[in-house]
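Student: Curious how this folds, go ahead:
(one chain, ligands or ions: 1)
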Amino acid sequence: MKNSESYPEWDAPFFIGVTTMNIYCFPWCGGQPKPDNTIRFPTRAEAERAGFRPCKNCCSALPHGSWEDRKRELTLVVREPFSFSENMSYLSRASNECLFHTRDGRVYKAIPLEQETPVVEISVDGHPAIKVRFLGDTAPARKWVRAAVARYVRDWFDLDTDLAPFYEMAETDPLLQRAVRQFHGLRNMGIPDLFEAISWGIIGQQINLAFAYTLKRRLVETFGRQVVCEGETYWIFPNPHEIAALTVENMDVLRMTVKKCEYLIGVARLITEGKLSKELLSNAGDYKKAEKLLVGIRGIGPWTANYVLMRCLRMPSAFPIDDVGLHNAIKYVTGADRKPTKDEILKLSAGWTDWESYATFYMWRFLY
Ligand SMILES: [Zn+2]
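Tutor: Modelled structure (predicted):
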């Protein structure tokens, strides 16, 4: 068994997939699988796209250099540019958010993992690093579960995207130049759970943001799960299995349109039947194919599809071009007296290729 110290500081140069167990390992993992039962993957993403799960022994779920495990506390190493306070501004903008809360520059959340539900306080830890502290008695006893928490937070804050090419493009872009200077270090804060991301897209259709938050709170507090920790209640978004088992009448109490209830139940069923998942969307081939897959589902139009691909799948080319917020932000930055037409947006965003998702997220920042 080789020591991880003989490998690059940040991550392994390749991964070993063990076909008999459907897991992938760091090359230094202690297991000794027969060579016939292994596949070599150049990257973690390729191993996962092939359906392999991270190893619980070597915690291959995330780069070994990207986190430090101190059992009750984790440190996440962050690449520049990153500004914790810019991301906190984004997280603090909705006072009626029910799935996390912010206080004194820190964010508190119950992390929904398959195995357990640790509650964490996330704060800045020197520069540039994030501290994840487990509250109450919720610190996971097993290292691989703590690795899953670290990975969830890295994904939520989008810590693994190299923003340098985006900043380089934005520096000469008339719309983004001001945004990247003013909001330096902002990350595309995500919605890691697919069902939550799609539901949020559906709930928000044709209503204002404040009402969307009210509906989400009703949905979560009626059908979600709660964890009480150190006297605070933390809510977990409903599991698709719970929603798939409902009828529209069961959802009357939410006072949401019948159509939206039907859409949510439909999406929940597709997920529970294994017909819709992050893996399926990632494996669709490219962004356009993933978009097509989503818009084929009842209740998901191009805006919702692109919103989900942007916030959950992290596809850089996802572009919710019909987004009202984007239109308002463009109107604000250009000083125009009306919102831009679709043709005008296409012209203005011509230089954003492969960064449409980040560009949109930065433009939104002008609105809060
Ligand atoms: Zn392993």
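
Student: In a helix, P340, correct?
Tutor: No - under DSSP: H, G, I helix; E, B strand; the rest coil, P340 sits outside any helix and is assigned coil.

Student: Spatially nearest residue to it, not counting backbone neighbours?
Tutor: I330 (5.0 Å; Cβ to Cβ, 6 or more residues apart in numbering). (Glycine included, C-beta is placed from N, CA and C.)

Student: Tell me how many other residues crowd that neighbour.
Tutor: Under the neighbour criterion other Cβ atoms under 10 Å, I330 is assigned a count of 19.

Student: my hunch is that it is in a helix, does that hold up?
Tutor: Yes - residue state for I330 (three-state DSSP) corresponds to a helix.

Student: That one touches T341, doesn't it?
Tutor: No - between I330 and T341 there is no contact under Cβ atoms under 8 Å: 10.5 Å.

Student: Can you report how many residues neighbour G335?
Tutor: Other residues lying near G335 total 6 when counted by other Cβ under 10 Å.

Student: Ok, K109 next?
Tutor: Counted with other Cβ under 10 Å, the neighbours of K109 add up to 22.

Student: Which residue ranges of the chain form strands?
Tutor: 15-18, 23-25, 38-41, 53-54, 67-69, 73-77, 101-103, 106-110, 119-124, 129-134, 225-229, 232-236 (DSSP state E).

Student: Out of these, which is closest to the ion?
Tutor: strand 23-25 (3.1 Å; Cβ to the ion).

Student: OK, contacts around the residue in the stretch 151-300 of the chain that the ion sits nearest to?
Tutor: Residue nearest to the ion within the stretch 151-300 of the chain: R151 (15.1 Å; Cβ to the ion). Residues counted as contacts of R151 (Cβ atoms under 8 Å, 6 or more residues apart in numbering) are 61-62.

Student: cool, the one 4 residues further on as well?
Tutor: By Cβ under 8 Å, 6+ apart, the contact list for D155 reads 190, 192, 314.

Student: Produce a ChimeraX select command limited to the buried residues of the residues you listed.
Tutor: Here is the ChimeraX selection string for the buried members of the contacts of D155, based on 16 or more other Cβ atoms under 10 Å:
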select :190,192,314
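
Student: could I get the contacts of D155 as a markdown table with distance to the ion?
Tutor: Formatted as a markdown table, the contacts of D155 follow (distance: Cβ to the ion, whole Å):
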| residue | distance to the ion |
| --- | --- |
| G190 | 27 |
| P192 | 23 |
| R314 | 25 |
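
Student: For the contacts of D155, could you give me JSON lines that also reports pLDDT?
Tutor: Putting these into JSON lines (pLDDT from 0 to 100) gives the following:
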{"residue": "G190", "pLDDT": "96"}
{"residue": "P192", "pLDDT": "96"}
{"residue": "R314", "pLDDT": "95"}
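
Student: Kindly report the domain assignment for the chain.
Tutor: With domains defined by automatic domain parsing, the chain comprises 4-54, 68-160, 194-367.

Student: I'd assumed I39 was in contact with T19.
Tutor: Yes - judged on Cβ under 8 Å, T19 makes contact with I39 at a distance of 6.3 Å.

Student: got the residues of this protein near the ion?
Tutor: 25, 29, 55, 57-58 (Cβ under 5 Å from the ion).

Student: What is the burial count for the closest residue to V18 other than its chain neighbours?
Tutor: Nearest residue to V18, sequence neighbours excluded (Cβ to Cβ, 6+ apart): P33, at 4.6 Å. Here the number of neighbours of P33 (other Cβ under 10 Å) works out to 16.
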